[in-house]
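[1] structure of the sequence below:
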Amino acid sequence: MNTLLRNVLAAAVMLGSSSAVLAANDGQVYLNTLLGTDAEYRETWQDAIKGQERLPDWVINLSGRAQQQMSAATEDGDKYLVGALCETETTCTYKRLVVAFSWDKEDAYGMLVEVPEGLPKDKSPTRHAQYRWIGDPDDGMKALLQEQLKRDPNWY
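    This is a model prediction of the structure:
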């Protein structure tokens, strides 16, 4: 194989692989991958959970199942990156977490929601849920986190 043909083939392979990488990283951010991709988010989350007792590992590591990509939200004029996790896909009705990171990555807040397992389908999870606040959110932030939860069509 001559040098020109080898260079053309090498360029084609490189272009093809960079297209695949770009397609795989389409700019979407999911809460369960956030701590592994940005040290600032990791530090901020560690500060938010500091002093919290008996948090499950999936909450500490934000390693649960993300149902959808994170989105921007505004509270009291400040922008936040907001996302939600379930412990697992099958326990989403019973164990979920909604998290908001400030746009500057300085603050993080969370709402851990737990519903008794085995709750009959005709019973509203909203009425039986227990909420645990993370990061000492004020009333406005609590409302933002609760509003994110209400967006889930399975939450009533």
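
[2] contacts and neighbour counts: CA atoms only from here.
    OK.

[3] distance check, the residue nearest to the spatial centre of the chain against Val113.
    The residue lying closest to the centre of the chain (C-alpha atoms, centre = their mean) is Leu31, at 2.1 Å. Leu31 sits 16 Å away from Val113, taking C-alpha to C-alpha, to the nearest Å as the criterion.

[4] go on, Val82?
    For Val82, the distance to Val113 equals 15 Å [C-alpha to C-alpha].

[5] now Cys92
    From Cys92 to Val113 the distance is 10 Å (C-alpha to C-alpha).

[6] likewise for Glu106?
    For Glu106, the distance to Val113 - C-alpha to C-alpha - is 24 Å.

[7] which one's more surrounded, these two?
    Val113 (22 against 14; other C-alpha atoms under 10 Å).

[8] are we agreed that the more buried one is in a strand?
    Yes: counting by DSSP: H, G, I helix; E, B strand; the rest coil, Val113 falls inside a strand.

[9] find the nearest non-adjacent residue to it, please.
    Tyr131 (4.8 Å; C-alpha to C-alpha, 6 or more residues apart in numbering).

[10] measure how buried the one you found is and give me the count.
    Neighbours of Tyr131 (other C-alpha under 10 Å): 15.

[11] which helices and strands does the helix or strand where it lies pack with?
    Assigned by DSSP states H and E, Tyr131 belongs to strand 130-134. On a contact count with 3 or more C-alpha pairs under 8 Å, 6 or more residues apart in numbering; DSSP states H and E, strand 130-134 meets strand 108-114.

[12] pLDDT value on Val82, please?
    Val82 is assigned 97 on the pLDDT scale.

[13] number the chain from 14, please
    From this message on, residue numbering opens at 14, which makes the last subject Val95.

[14] all set now, cheers.
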